[in-house]
Structure formats: C-alpha cells, structure tokens
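S.K.: Based on what follows, work out the 3D shape:
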Amino acid sequence: MTPDQIVHTFVDHYRRRGHRYAPESSLVPPPGDPVLFTTSGMHPLTPYLAGHPHPAGRRLANVQRCLRTTDLDEVGDRTHLTVFDMLGSWSLGDYDIAQSIRWGHELLCDGFGVDPGRLYATVFGGDDQLGPDETAWRTWTALGVPVEANREENWWSNGPTGPCGPDSEIFVWTGDGPPTGTPGTDHRWTEVWNHVRMGWHRHDDGRLEPLPQPNIDTGMGLERLEMVLRGDRSVFTGDGLRPWVESVSDRWRLDEEPLRRVCDHLRSAVVVVGDGTRPSNTGRGYVLRRLVRRALTDLWRDDPTRTLSELPTAPYRDTVHRFRQGTDVGLVREVLADEERRFRGLLRRGRPVVDRRRSRGPLTDEDYRWLHDTHGLPRDLVDALLGAPDRPGLSSPEVD
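M.R.: Model (predicted):
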C-alpha cells in the first residue's frame with residue numbers, strides 16, 4: 001500500500017464505525033500552550049479529553065503531523081524519525097479499551113492484511129497505584145494474540161502531569177522465519193500501534209485522579225506502518241523518505257547512519273519551516289536550527305564544500321505536499337540556505353575560540369556554558385569542533 005492508500009483505509013475503517021474526522025493542527029501549538037511542538041495526535045484534543053464536548057462528537061479519527069525532540073538522538077537507526085505522520089483514533093467517554101483493541105485487530109488483519117500470527121501485544125502489568133489491565137489482557141487473549149505484561153513501558157503519559165493511563169502496544173514480527181521470543185526479548189518485534197486507556201490525571205505530587213470521562217487514545221506512525229506493510233526493515237525505504245535518500249545519495253557518499261540523519265533532519269526542517277518557524281537561539285527556532293546544523297555537520301565531516309544548494313527541488317516539493325502544507329518551496333530553500341551561511345560563519349569564528357579555551361585543559365561544564373552564553377556555541381557544536389582534526393569537514397569550512 002502507498003501512504004495515501006494506508007491513510008484512506010485507516011480513516012474509512014473508523015468512519016464506518018461512527019468516527020468523524022478531526023481537523024489537523026499545525027506543528028506549532030496556539031499561543032499559551034506550554035509545549036514547543038505538537039508531539040501526538042491527542043495533544044490538540046487535550047480540552048476534549050478533559051471533558052469538553054467536541055463539535056464533531058465523541059468518536060474521532062485523523063492524520064496529524066508530529067515532531068518529537070525526545071527521539072532526536074535515536075534518529076539514524078532504521079525506525080525513528082523526528083517529524084512523522086500519526087494516524088489516530090479517539091473515544092471521548094464512549095467505547096472502552098476492549099472495543100478499541102478489537103477494532104484495531106480487525107483493521108490490521110482484515111484492512112491491512114497483516115498475518116495474525118505475526119502479532120504480539122504488551123499490556124500494563126500493574127504498579128503500586130493501579131492493578132494490571134486485565135480487560136486488555138483478556139481481549140488480546142480472546143483474539144489469539146500472545147501478551148506480555150510490563151510496568152513503566154505500558155503506562156502512557158504526555159508529561160510528568162496531566163492525562164495518562166495504561167496502554168496496549170501492538171507489535172508486528174519483522175524478522176525472517178517464524179516469530180520467536182517476545183517484544184521485550186527480540187528487537188525484530190516492531191511496535192506499530194498504541195492503544196491508551198486514558199482514564200486518569202496525574203498531579204504534581206504523583207497522585208492519580210480519575211478523569212471526568214474515560215477516554216481511548218490510539219496512535220500509529222504512518223511511516224513505520226508503511227515499512228511493515230512493505231516487508232521492509234527501514235522507514236527510509238518508504239515513499240516519504242525515499243526522495244531525500246535518493247537525492248542525497250546521488251550527490252554525496254555517506255555512511256548509512258549519517259545518511260539517515262541528514263535525510264530525516266532536512267525533511268523535518270522543511271516541515272517546521274512550512275508551519276512558520278524560523279531559526280533562532282531559543283525555543284522552536286533553536287530546534288529548527290539544531291536540525292539544520294546537525295545535518296550540515298554530517299555533510300561537512302568529509303567535505304566542507306558540500307552545500308544544500310546542490311540538492312534538487314523535488315524532495316522539498318514532495319515533503320511540502322505530503323504533509324499537506326501550502327508553503328512556497330523557494331521560501332523554504334531560502335531559509336535553509338541562510339541558516340547554512342550563518343553556520344559556516346559560526347564555525348569559522350568559533351574554531352579559534354574553542355581551541356584557545358581547550359589549550360587550558362579539558363573543557364568543564366563552566367567552559368561549555370561560557371562558550372554558549374558568550375559566543376553562541378552550543379555543546380554539541382563545541383564537541384564537533386574539538387573532533388575536527390579527525391573530521392576535515394569541520395576543520396576549515398569555506399565561508400560564502
């Protein structure tokens with residue numbers, strides 16, 4: 001299935017079960033929201049999960065672009081992405097976790113054609129405040145799906161406080177041959193979908209209070225699901241990443257992990273710029289700046305003459321279209337080109353400063369703070385500059 005076919009199948013499955021489409025939100029939350037970016041499909045629905053009536057009703061589904069900075073250091077492996085599409089469904093005080101699991105199992109097996117024998121589920125096994133999720137366990141068992149119980153791994157929350165609850169994570173076997181082991185013992189079990197029984201609010205003191213209404217919140221990454229349905233081992237072979245992988249590989253030779261980081265970070269930067277963010281030294285702008293500069297660091301490690309202007313327009317245009325943005329591609333390229341020029345200049349000025357500071361001995365936390373506060377050199381960039389003798393791309397970059 002193509003991503004468009006996957007989305008259509010998902011939305012139609014829930015539409016036929018009484019769900020209405022919830023409008024997608026920007027990556028940038030509205031003023032007053034404390035989070036930097038929309039991290040999941042449930043985030044824009046937080047008031048309705050707390051009990052406010054949603055204008056579309058109590059059963060919802062949609063596709064929401066998301067950004068997770070918590071996974072930034074994981075990018076480079078075969079499944080993690082910074083920006084991705086999330087397929088989500090919600091019950092706002094309507095059906096229970098058993099119904100959600102049954103509909104999810106039906107969609108995966110009948111709608112997407114996943115072999116039921118390649119499924120495994122994990123459920124909440126209980127802790128010192130709540131008992132195990134016996135309803136989820138019984139439902140999965142009745143469907144013939146093996147179950148593994150965990151504690152923290154199967155407790156979902158959007159932060160230290162706020163809505164939370166036990167979850168069921170659905171894994172698909174992606175290894176060769178018949179499935180073996182469990183999700184906790186064999187990495188070839190790949191998580192594709194999470195069904196949360198969101199029934200509690202956690203307070204600052206750790207106390208759990210039942211929500212006015214019990215909710216169901218599910219989330220499934222589109223790119224990872226596409227990988228599983230294609231029988232692939234990496235999200236970077238899918239339709240959404242392939243234009244970047246092909247364009248970057250055609251121009252520069254990179255090892256596998258740097259190639260994945262460059263493609264992910266540039267693609268993510270395009271989406272962030274498309275939703276109105278510009279590079280800066282704080283907040284959302286700093287996340288964008290870090291994405292671009294991490295990509296450039298990988299590119300310049302072997303050859304400082306590489307420049308983003310060498311890339312064709314096609315992957316930029318594909319990304320803007322794929323994430324349903326009406327952004328002018330030329331503007332996006334101008335923003336990234338300007339950030340590249342700034343970064344080249346910073347490297348030229350920063351290298352002597354770091355070398356002088358380093359000549360006194362190993363850098364301390366105080367040195368890192370001084371370099372950041374006085375010269376705008378973040379710690380990861382300083383570390384890159386310190387390693388520059390072994391990384392010619394960072395030793396003497398040309399300045400435009």
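
S.K.: Pull out the buried positions in stretch 56-67.
M.R.: Within stretch 56-67, the residues that count as buried by 16 or more other CB atoms under 10 Å are 56, 58, 59, 60, 61, 62, 63, 64, 65, 66, 67. For the C-beta atoms, the positions are set from N, CA and C on the backbone; glycine is no exception.

S.K.: Flag the shaky bits of the stretch 251-400 of the chain, pLDDT-wise.
M.R.: For the stretch 251-400 of the chain, the stretches with pLDDT under 70 are 387-400.

S.K.: quick one: the helices in it?
M.R.: Secondary structure of the stretch 251-400 of the chain (DSSP state H, counting those that start in this stretch): helices located at 256-274, 283-300, 314-322, 329-358, 365-375, 379-386, 392-395.

S.K.: Name whatever forms a beta bridge with residue 156.
M.R.: residue 165 (DSSP bridges).

S.K.: Surely it touches residue 168?
M.R.: No: taking contacts as CB atoms under 8 Å, residue 156 lies outside contact range of residue 168: 9.8 Å.

S.K.: the more surrounded of those two?
M.R.: residue 168 (28 against 22; other CB atoms under 10 Å).

S.K.: Okay, strands next: where are they in the protein?
M.R.: Along the chain, the segments classed as strands by DSSP state E run 20-21, 59-67, 83-92, 119-124, 147-150, 155-157, 162-173, 189-202, 208-221.

S.K.: export the fourth one as PDB, just CAs?
M.R.: Coordinates of each C-alpha in strand 119-124 appear next as PDB, following Å, rounded to 0.1, in the frame of the first residue of the first chain:
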ATOM      1  CA  LEU A 119       1.200 -10.000  16.100                       C
ATOM      2  CA  TYR A 120       2.200  -9.600  19.800                       C
ATOM      3  CA  ALA A 121       0.700  -7.300  22.400                       C
ATOM      4  CA  THR A 122       2.100  -5.800  25.600                       C
ATOM      5  CA  VAL A 123      -0.200  -4.600  28.400                       C
ATOM      6  CA  PHE A 124       0.200  -2.800  31.700                       C
END
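
S.K.: which residues make contact with it from outside it?
M.R.: 101, 105, 108-109, 130, 132-133, 136-137, 140, 145-151, 153-155, 166-173, 179, 182-184, 189 (CB atoms under 8 Å, 6 or more residues apart in numbering).

S.K.: swap the cut-off to 7 Å and go again
M.R.: 132-133, 136-137, 140, 145-150, 153-155, 166-172, 182-183, 189 (CB atoms under 7 Å, 6 or more residues apart in numbering).

S.K.: Now, of those, which are buried?
M.R.: Buried among the contacts of strand 119-124 by 16+ other CB under 10 Å: 132-133, 136-137, 140, 145, 147-150, 154-155, 166-172, 183, 189.

S.K.: Residue 238 is in contact with residue 226, correct?
M.R.: Yes: if you go by CB atoms under 7 Å, residue 226 and residue 238 touch, sitting 4.6 Å apart.

S.K.: how much space is there between residue 71 and residue 228?
M.R.: Using CB to CB, to the nearest Å, residue 71 is found at 18 Å from residue 228.

S.K.: Same question for residue 70.
M.R.: From residue 70 over to residue 228 (counting by CB to CB), the distance is 22 Å.

S.K.: Same question for residue 271.
M.R.: Residue 271 is 23 Å from residue 228, by CB to CB.

S.K.: Compare neighbour counts for those two and give me the winner.
M.R.: For residue 271 versus residue 228, the count of surrounding residues by other CB under 10 Å is larger for residue 271: 25 against 22.

S.K.: And stretch 95-112, end to end?
M.R.: Length of stretch 95-112, first residue to last, CA to CA, to the nearest Å: 23 Å.

S.K.: quick one: contacts of it?
M.R.: 9, 13, 17, 91, 114, 116, 135-136, 139-140, 143, 168, 170, 193, 195, 197, 216, 218, 229.

S.K.: Make a PyMOL selection of the buried ones in these.
M.R.: Entered in PyMOL, the line below selects the buried ones among the contacts of stretch 95-112, by 16+ other CB under 10 Å:
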select buried, resi 13+91+114+135+136+139+140+143+168+170+193+195+197+216+218+229
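
S.K.: The stretch 1-150 of the chain: helices as residue ranges?
M.R.: In the stretch 1-150 of the chain, the helices defined using DSSP H, counting those that start in this stretch lie at 3-15, 46-49, 97-106, 134-142.

S.K.: Could you tell me the least trusted of those?
M.R.: The minimum mean pLDDT among these belongs to helix 46-49 (a mean of 90).

S.K.: Pull the residues that contact that helix.
M.R.: 42, 54, 92, 163, 198, 215.

S.K.: 8 Å instead?
M.R.: Outside helix 46-49, the residues within contact range by CB under 8 Å, 6+ apart are 42, 54, 90, 92, 158, 162, 163, 198, 211, 215, 217.

S.K.: Which member of those is positioned nearest residue 304?
M.R.: Lowest distance from residue 304 to the contacts of helix 46-49 (CB to CB) belongs to residue 158, with 41.3 Å.

S.K.: ok, back up a step: where do the contact lists of residue 156 and residue 168 overlap?
M.R.: residue 194.

S.K.: Going by neighbour count, list what's buried in stretch 29-37.
M.R.: Using 16+ other CB under 10 Å as the test for burial, stretch 29-37 gives 29, 36, 37.

S.K.: Closest one of these to residue 275?
M.R.: Nearest to residue 275 among those, with distances taken as CB to CB, is residue 37, at 8.8 Å.

S.K.: OK, contacts around the closest one?
M.R.: 27, 28, 29, 66, 67, 68, 69, 272, 284, 287.

S.K.: Make TSV from those and add distance to residue 253 to it.
M.R.: Formatted as TSV, those follow (distance: CB to CB, whole Å):
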residue	distance to residue 253
27	32
28	36
29	39
66	32
67	29
68	29
69	29
272	27
284	33
287	28
